[in-house]
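Participant: Please work out how this folds:
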Amino acid sequence: MMQATLIAPLRRLAWPALSTRQRAGALLLALLLAFAWLVPLWHDADPARQQLVRILELPTLAAPLGTDHLGRDMLARTAAALRLSLGMALLSVVTAAVPGILFGVIAGWRGGWLDRILGSVADACLALPGLLLVLLLVAIAPGNFWALYVGISLVLWIEYFRVVRARTRVLVASPQLEASRLLGFGPLYLFRRHLWPELAPQVLTLAAFGAASAILAMAALGFVSVGLRPPTAELGLMMIELLPYYHEAPWAMAQPILALFVLVFSLNLLAGKDPR
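Facilitator: The predicted model follows:
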């Protein structure tokens, strides 16, 4: 009996159990992570090295995925592009989640003028479409990774704020939380015991959707040549560079498209249901 009493609170603090669909997404994402970070350990080709005598080569033992229009190794470039996309997604999601959750809990808990101010800031950020906001920052600092990262983070934090604020309003009015408050427990305990176990599934879903959105945004900007600059190995930039050679080397053009599809698909599986 005592053991069950001790284990129950620990379970409530843990992340929610994943569904079959989410486990499939997590497995697929783990395979992509392994591919992106293990390829450089056994295939030491430089993703930026040009070999003009080996342009658009078919896959060989030396270049398992062939070469592009400048003779660069496609395996090394695809792995490097996945590392860049995953790094951007992780940075953007963490940067957006921390203030989004913090401000959402504060606004939903306190209400009043603070809630109105934070809500107005979020609404102001929504006045400009997300991709246009990212484009604005990229136009100020063309080809800059950090400008792209800041722009994407500014777009993503709003979703965390709105979802967490709405859910916190409901939870604060619950009898369980009110009983704990009357017993003298502090805000940290109330958040850890009553709010976070309910918010965690939605935060996980938002994180997965946000990561997919960040990756797609970076690829879209690269595809229209306003994102990162060559010779950076980035999925959208690789697509637009290889597009003129689609008929001569369809296998090369297909690789960044397939990598982007599988990456976003795995994150969408991991996300589960839309928390909104």
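Participant: Quickly note the distance from S225 to A24.
Facilitator: 35 Å (C-beta to C-beta, to the nearest Å). Where you see a C-beta, it was placed from the backbone N, CA and C, and this is true even at glycine.
Participant: Same question for S174.
Facilitator: 33 Å.
Participant: can you pull the contacts of the nearest residue to L131 once chain neighbours are set aside?
Facilitator: Nearest residue to L131, sequence neighbours excluded (C-beta to C-beta, 6 or more residues apart in numbering): A217, at 6.4 Å. Shown in contact with A217 (C-beta atoms under 8 Å, 6 or more residues apart in numbering): 130-131, 134, 152, 155.
Participant: Next, the buried residues of stretch 214-234.
Facilitator: Residues 214-219, 221-223, 226-228, 232-234 are the ones in stretch 214-234 that count as buried (16 or more other C-beta atoms under 10 Å).
Participant: Likewise for stretch 106-113?
Facilitator: 106-109.
Participant: thinking again about what came up before, the residue nearest to L131 is in what secondary structure piece?
Facilitator: helix 196-223 (DSSP states H and E).
Participant: now that helix: mean pLDDT?
Facilitator: Across helix 196-223, the average pLDDT comes to 91.
Participant: distance between that helix and the chain's centre?
Facilitator: 4 Å (C-alpha atoms, centre = their mean, to the nearest Å).
Participant: where does the chain have low pLDDT?
Facilitator: 1-16, 273-276 (pLDDT under 70).
Participant: Packing partners of the longest helix along it?
Facilitator: For the chain, the helix reaching the highest residue count under DSSP state H is reported as helix 74-110. On a contact count with 3 or more C-beta pairs under 8 Å, 6 or more residues apart in numbering; DSSP states H and E, helix 74-110 meets helix 20-42, helix 112-126, helix 145-172, helix 196-223, helix 235-242, helix 250-271.
Participant: let's see 6 Å
Facilitator: If contacts are counted by 3 or more C-beta pairs under 6 Å, 6 or more residues apart in numbering; DSSP states H and E, helix 74-110 sits against helix 20-42, helix 112-126, helix 145-172, helix 196-223, helix 250-271.
Participant: May I see the buried residues of that helix?
Facilitator: 74-86, 88-89, 91-93, 95-97, 100-101, 103-109.
Participant: Next, the angle helix 196-223 makes with it.
Facilitator: Interaxial angle, helix 74-110 versus helix 196-223 (axes from the mean of the first three to the mean of the last three C-alpha atoms, to 10 degrees): 140 degrees.
Participant: ok, L190 - contacts?
Facilitator: 177, 180 (C-beta atoms under 6 Å, 6 or more residues apart in numbering).
Participant: what residue lies at the spatial centre of the protein?
Facilitator: The centroid of the chain falls nearest to A211 when counting by C-alpha atoms, centre = their mean (1.4 Å).
Participant: Count residues in the vicinity of the closest residue to A24 other than its chain neighbours, would you?
Facilitator: Nearest residue to A24, sequence neighbours excluded (C-beta to C-beta, 6+ apart): L269, at 5.5 Å. Neighbourhood size, L269 [other C-beta atoms under 10 Å]: 20.
Participant: Same check on R116?
Facilitator: Neighbour count for R116, taken as other C-beta under 10 Å: 11.
Participant: Next: the one 10 residues further on.
Facilitator: By the criterion of other C-beta under 10 Å, L126 has 14 neighbours.
Participant: can you count the residues close to F191?
Facilitator: The criterion is other C-beta under 10 Å. On that basis, F191 has 16 neighbouring residues.
Participant: go on, L258?
Facilitator: Residues near L258, counting by other C-beta under 10 Å: 12.
Participant: which residues touch it?
Facilitator: Here L258 is in contact with no residue (C-beta under 6 Å, 6+ apart).
Participant: Adding neighbour count and distance to W42, write the contacts of A217 out as a markdown table.
Facilitator: What follows is the contacts of A217, written out as a markdown table (neighbours: other C-beta atoms under 10 Å; distance: C-beta to C-beta, whole Å):
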| residue | neighbour count | distance to W42 |
| --- | --- | --- |
| G130 | 18 | 39 |
| L131 | 16 | 38 |
| V134 | 27 | 36 |
| I152 | 29 | 32 |
| V155 | 24 | 37 |
